[in-house]
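S.K.: Output the structure for:
(one chain, ligands or ions: 2)
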Amino acid sequence: MGVMGGTFDPIHHGHLVAASEVQSWFDLDEVIFVPTGAPWQKADREVSDAEHRYLMTVIATAANPRFTVSRVDIDRDGPTFTIDTLRDLQTRLPDADLYFITGADALGNIFTWRDAPELFELARFVGCTRPGYELDEEMLADIPSERVTLVEIPALAISSTDCRQRKQRGEPVWYLVPDGVVQYIAKHDLYPAEPTS
Ligand SMILES: Nc1ncnc2c1ncn2[C@@H]1O[C@H](COP(=O)(O)OP(=O)(O)OP(=O)(O)O)[C@@H](O)[C@H]1O
Ligand SMILES: O=C(O)c1ccc[n+]([C@@H]2O[C@H](COP(=O)([O-])O)[C@@H](O)[C@H]2O)c1
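M.R.: Ligands and ions are numbered 1, 2, ... in the order given. Predicted coordinates for the structure are as follows:
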């Protein structure tokens, strides 16, 4: 079972390609997308309401029979820690082998996450290449080698930050995010232009 955690503000094609590539690489039955509740390492910025991020994730993944979305992180109070995500999913799916999917940037920060060493006991970690982020070999050496795999995926230099800024500047996000997500952003006026003065 793949687990693709993210803030998804908004979800974009970089996330979807990473999940699809890892699903195929490990022949996984399912990839569960898990939008964060309160991403504590993004506490210095405004993050959209969890229900908006959840619904955009549902819209983006709806057509893929192997993709599902879980509310475990948004329904849990307090800051979101992956250790809790993995424990909750393990309780619900006791027989599943969990593969936690990250981009190179997230994997590179993993030792700043709560209970990092224990994370590798609960899941295997898959780090996907991401333009602009290199993985530090020394840091990777601290992860048990049988619990981490690096996967090279087609490079998509897309970030949620860039999508939000484009929308704020009145520039298009078409083809960076799925069509339904473009329409959802417009319908709910997410990421409105900053007032000029
Ligand atoms: N273009 C991409 N290629 C590969 N992995 C990605 C890409 N974009 C995001 N990811 C990975 O997806 C996961 C969720 O990312 P997140 O929702 O924070 O998106 P983001 O684009 O990094 O957001 P932001 O710009 O707001 O920080 C992380 O593990 C991140 O590394
Ligand atoms: O467990 C932690 O302490 C922790 C710290 C930062 C990020 N994460 C997880 O990493 C995933 C990607 O996070 P983000 O903030 O880059 O969207 C998401 O599932 C987060 O819950 C987890």
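
S.K.: Please see if whichever strand or helix holds Gly14 touches ligand 2.
M.R.: For Gly14, the host element (DSSP states H and E) is helix 13-25. No - counting by C-beta under 6 Å from any ligand atom, ligand 2 has no neighbours in helix 13-25; the shortest distance is 9.4 Å. For every residue, glycine as well, the C-beta is placed using N, CA and C.

S.K.: Just the residues contacting the helix or strand following that helix, thanks.
M.R.: Next helix or strand after helix 13-25 toward the C-terminus (DSSP H and E): strand 31-35. Strand 31-35 is contacted from outside by 1-8, 11, 15, 19-20, 22-23, 50, 53-54, 57, 61, 66-70, 72-74, 85, 89, 101, using C-beta atoms under 8 Å, 6 or more residues apart in numbering.

S.K.: And ligand 1, is stretch 171-191 touching that?
M.R.: No - between stretch 171-191 and ligand 1, judged by C-beta under 6 Å from any ligand atom, nothing touches; the nearest distance is 9.7 Å.

S.K.: From start to finish, how long is that stretch in a straight line?
M.R.: 12 Å (C-alpha to C-alpha, to the nearest Å).

S.K.: ok, and what's touching that stretch?
M.R.: Against stretch 171-191 from outside (C-beta under 8 Å, 6+ apart): 10-13, 16, 48, 52, 55-56, 59-60, 62, 158, 162-164, 166-168.

S.K.: State the mean pLDDT of that stretch.
M.R.: Mean pLDDT, stretch 171-191: 98.

S.K.: Now do it: distance to the chain's middle.
M.R.: Chain-centre distance of stretch 171-191: 18 Å, with C-alpha atoms, centre = their mean, to the nearest Å.

S.K.: just stretch 184-197 next, same as before
M.R.: That offset, for stretch 184-197, works out to 23 Å (C-alpha atoms, centre = their mean).

S.K.: Can I get the buried part of the contacts of strand 31-35 as one PyMOL selection?
M.R.: Of those, the buried ones go into a single PyMOL selection, burial set by 16 or more other C-beta atoms under 10 Å:
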select buried, resi 1+2+3+4+5+6+7+8+11+15+19+20+22+23+50+53+54+57+61+67+68+69+70+72+73+74+85+89+101
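
S.K.: out of the contacts of strand 31-35, who's near ligand 1?
M.R.: Near ligand 1, judged by C-beta under 6 Å from any ligand atom, the entries from these are 6-8, 15.

S.K.: Let's see which of these end up in strands.
M.R.: Among the ones next to ligand 1 among the contacts of strand 31-35, the residues falling in strands (DSSP state E) are Gly6.

S.K.: So which of the ones next to ligand 1 among the contacts of strand 31-35 is the closest to ligand 2?
M.R.: Using C-beta to the nearest ligand atom, Thr7 comes nearest to ligand 2 of the ones next to ligand 1 among the contacts of strand 31-35, at 3.5 Å.

S.K.: distance of that closest one from Ala43?
M.R.: 12 Å (C-beta to C-beta, to the nearest Å).

S.K.: got it, and His188?
M.R.: For His188 relative to Ala43 (C-beta to C-beta), the value is 23 Å.
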